[in-house]
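Colleague: below are the sequence and a predicted model for it; my questions follow.
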Amino acid sequence: MREAAQCGDSRALHRRATGAAGQGSQDSDRRVDYEYERAGVANAFMLAEPLAGWRQATIRPTKTKIDFAEVMAELLEGRYADREKAIVVCDKLNTHTEGSFYEAFEPERAFALASQIEFHYTHKHGSWLNIAENELSSMTRQCVTL
């Protein structure tokens, strides 16, 4: 196959350490007032290929150009190694560019990866059109507890 179309998005996941619940009086029902303390942030990268029914989530400690480049390199050199071009639908975040490859890798590898990818950006207020964002939203609401 010559081309593959996939969607990508990322979201911050706030890690929390929960505290003890508050106690109600003996005469009233138990009142629960959970407290939590911020325990850092992780970042989830969601990749989805809707026509193939495929999705992959990668959790990284940060959300930098290097993180983005490494996730995309894994995709391009793994799943899409036999494809001439990968079309990626994503929002126009400053990390979602071919320049990310040049910050993360030596020039030869960066050029090879940048040549294999074609970005299609969603509109400023239309990132919800990105299927990966919908997948990521479902995953974080239903599955992620940090």
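Modeller: That came through, no problem.

Colleague: mean confidence for stretch 13-31?
Modeller: The average pLDDT for stretch 13-31 rounds to 58.

Colleague: what does the pLDDT read for the residue nearest to the spatial centre of the chain?
Modeller: The centre of the chain sits closest to residue 45, judged by Cα atoms, centre = their mean, with a distance of 1.7 Å. Looking at residue 45, its pLDDT stands at 85.

Colleague: ok, then the element right after the host helix or strand of it?
Modeller: According to DSSP states H and E, residue 45 maps onto strand 36-49. Downstream of strand 36-49, the first helix or strand assigned by DSSP H and E is strand 54-60.

Colleague: for residue 6, what are its contacts?
Modeller: Residue 6 is in contact with 47, 48, 49, 75, 86, 87, 88, 89, 132, counting by Cβ atoms under 8 Å, 6 or more residues apart in numbering. Every C-beta, even on glycine, is put in place using the N, C-alpha and C of the backbone.

Colleague: and the spatially closest residue to the third one that is not a sequence neighbour, its phi and psi?
Modeller: Read it as residue 49. Leaving out its chain neighbours, the residue that sits closest to residue 49 by Cβ to Cβ, 6 or more residues apart in numbering is residue 6, at 4.3 Å. When read as degrees, to the nearest 10, the backbone of residue 6 gives phi -140, psi 160.

Colleague: looking at residue 6 now. What's its pLDDT?
Modeller: Reported pLDDT for residue 6: 71.

Colleague: list the beta-bridge partners for it.
Modeller: Per DSSP bridges, the residues bridged to residue 6 are residue 88.

Colleague: re earlier: got the angle for the strand holding residue 45 vs strand 54-60?
Modeller: Orientation check (axes from the mean of the first three to the mean of the last three Cα atoms, to 10 degrees): strand 36-49 against strand 54-60 gives 150 degrees.

Colleague: which parts of strand 36-49 are buried?
Modeller: 42, 43, 44, 45, 46, 47, 48, 49 (16 or more other Cβ atoms under 10 Å).

Colleague: with that, I have no additional questions.
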